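Colleague: for reference, the sequence and a predicted model appear below.
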Amino acid sequence: MNDSILSRLRNETAEAHASLEAMAQIESCMTDETKYRNLLRQFYGYYAPMETALEARLNGDGEALGLAERRKASWIASDLDVLGLDAKTVAISSDLPDLKEIGHAYGALYVLEGSTLGGRTISKMMENSSIPETARRFFNGYEGDTGKKWKEFCAALEQYVATHGQADEVIAGANETFAGMGRWMRQSA
């Protein structure tokens, strides 16, 4: 491909991605357990329903993507449990992107999978944090396999677009996911 889907995604979602990062203020949460717990609560409230929606939409493609092992809500729930909050009591977002096309689902998954890359940086920044190490599962991502899992997802995404087209739908799905998560974070602050 001349203009790869990954290049287009990075470029065409950069503004939405930066806006969400600015809103989350993750760095300020790394040393404050109350802020950290609140951030994880917000993430759980979005990731849990988003993963369920993705699983429903991707059906057979989900198995090929290893979607079951890419679920992160359980990691967040584990972190919340360590911090004294039961994930079952967390409010859940209903403001999810419309996954009318499978391409939209791939775009949404791009956002959720991309969080593991940022998580590596955040994990390193938290090395001297007072946040218990056992409450950092989400940001540890796939640990030593994060790069490998990201490359596998990117290859599947590129293959999907090469076979089915839908590059515009993938980009729309990613932008809608960033925007929906931002709205959820404002609403649940």
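Modeller: Ah, there it is.
Colleague: without its sequence neighbours, what residue ends up closest to A16?
Modeller: Once flanking residues are discounted, A16 sits nearest to F178: 3.7 Å by Cβ to Cβ, 6 or more residues apart in numbering. To be clear about C-beta, it is placed using only N, CA and C from the backbone, and glycine gets the same treatment.
Colleague: would you mark the buried spots in the helix or strand hosting the one you found?
Modeller: Taking DSSP states H and E as the definition, one finds F178 inside helix 167-187. Buried positions in helix 167-187, judged by neighbour count with 16 or more other Cβ atoms under 10 Å: 167, 169-182, 184-185.
Colleague: packing partners for it?
Modeller: helix 5-24, helix 33-65, helix 102-125, helix 146-164 (3 or more Cβ pairs under 8 Å, 6 or more residues apart in numbering; DSSP states H and E).
Colleague: for P132, give its distance to G103.
Modeller: Distance of P132 to G103, given as Cβ to Cβ, to the nearest Å: 40 Å.
Colleague: who's more crowded, those two?
Modeller: Each of P132 and G103 has its neighbours counted (other Cβ atoms under 10 Å); G103 has more, 24 against 12.
Colleague: let me know whether that one touches H164 as I believe.
Modeller: Yes - with contact defined as Cβ atoms under 8 Å, G103 counts as touching H164 (7.1 Å).
Colleague: looks like R41 contacts S188 (just checking).
Modeller: Yes - the pair R41 / S188 is scored as a contact, 7.5 Å apart, by Cβ under 8 Å.
Colleague: higher neighbour count, those two?
Modeller: Using other Cβ under 10 Å, the more surrounded residue of R41 and S188 is R41, with 19 against 15.
Colleague: can you pull the contacts of the residue lying closest to that one once chain neighbours are set aside?
Modeller: Using Cβ to Cβ, 6+ apart and skipping residues adjacent in sequence, the residue nearest R41 is V90, 5.3 Å away. With contact taken as Cβ atoms under 8 Å, 6 or more residues apart in numbering, V90 is in contact with R41, Y44, G45, A48, L80.
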